[in-house]
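Colleague: A structural model of the following input is requested.
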Amino acid sequence: MDDAETWDLIHAERAALADTLDSLTPEQWAQPSLCAGWTVQMAAGHVVAGAEQTKPGFFTGMAANGFRFNHMMDRDARRIGAAGPDAIVERLRARTTTTNRPPAPVKTVLGEIVVHSADIRRPLGLDAPVAPAAVVACLDLYKGANFPVGTKKRIAGLHLVAFDVGWSYGEGPEVSGAGLPLLLAMTGRSGAVDALEGDGVATLRERLAPAR
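Modeller: Residues are numbered from 1 along each chain as shown. Predicted coordinates for the structure are as follows:
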């Protein structure tokens, strides 16, 4: 998949999340997301922060936050989240055609929107289809990633199978399931492991840590 195809998937996922957010009640905006310490509104603020990020802006922000990546992410999520639901939806819709990004591969931007959309929807009992190509790209992206999600260490020695998208990786006790919950478990979302099965599930469960 080339960058142009990846951006098409990113834009589609952003538009779908904007539609979801636009339908939420005030009570739903205030519910906890799957990201520890963040409400749905803060997690949505984080999505917007990522969608608006640029390479120069990333380095400026890191310097302003003492080069503490997680601290910068948290401050931006809370700052943009405080702008309110209407502003969040409007700002996200404005990023369904743009191709600005932080100093990272384009697939990282896809991973952000796919994973954080699920962080928002799943605690609310909501669902939305994710393109199989997007799921596979994210599984491939995160299988070897350590910073900041710690996936590589978390899945070491396990054989992962996403049966709905024809993806597999690694050797060892098997962990299998649909691609999206497998992706969420790989990236530290403990609730997603309940949708998985296999001899390696207990090991993966022990390794899971709060998501950010």
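Colleague: Could you tell me how far the longest helix seen in the chain lies from the centre of the chain?
Modeller: With secondary structure taken from DSSP state H, the chain has its longest helix at helix 3-22. Centroid separation for helix 3-22 versus its chain: 13 Å, with C-alpha atoms, centre = their mean, to the nearest Å.
Colleague: Now do the buried residues in it.
Modeller: 6-7, 9-11, 13-14, 16-18, 20-21 (16 or more other C-beta atoms under 10 Å). In short, each C-beta sits where N, CA and C put it, glycine included.
Colleague: Rebuild these as CSV, extending it with distance to Lys107 and pLDDT.
Modeller: Converted to CSV, the buried residues of helix 3-22 look like this (distance: C-beta to C-beta, whole Å; pLDDT from 0 to 100):
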residue, distance to Lys107, pLDDT
Thr6, 6, 98
Trp7, 10, 98
Leu9, 9, 98
Ile10, 9, 98
His11, 14, 98
Glu13, 12, 98
Arg14, 15, 98
Ala16, 18, 97
Leu17, 18, 98
Ala18, 21, 98
Thr20, 22, 98
Leu21, 23, 98
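Colleague: Where does pLDDT dip in the chain?
Modeller: Applying pLDDT under 70 to the chain flags residues 209-212.
Colleague: Spit out the contact partners of the residue nearest the centre of the chain.
Modeller: With distances taken as C-alpha atoms, centre = their mean, Val115 lies nearest the centre of the chain, 2.2 Å away. By C-beta atoms under 8 Å, 6 or more residues apart in numbering, the contact set of Val115 is 138, 183-184, 187.
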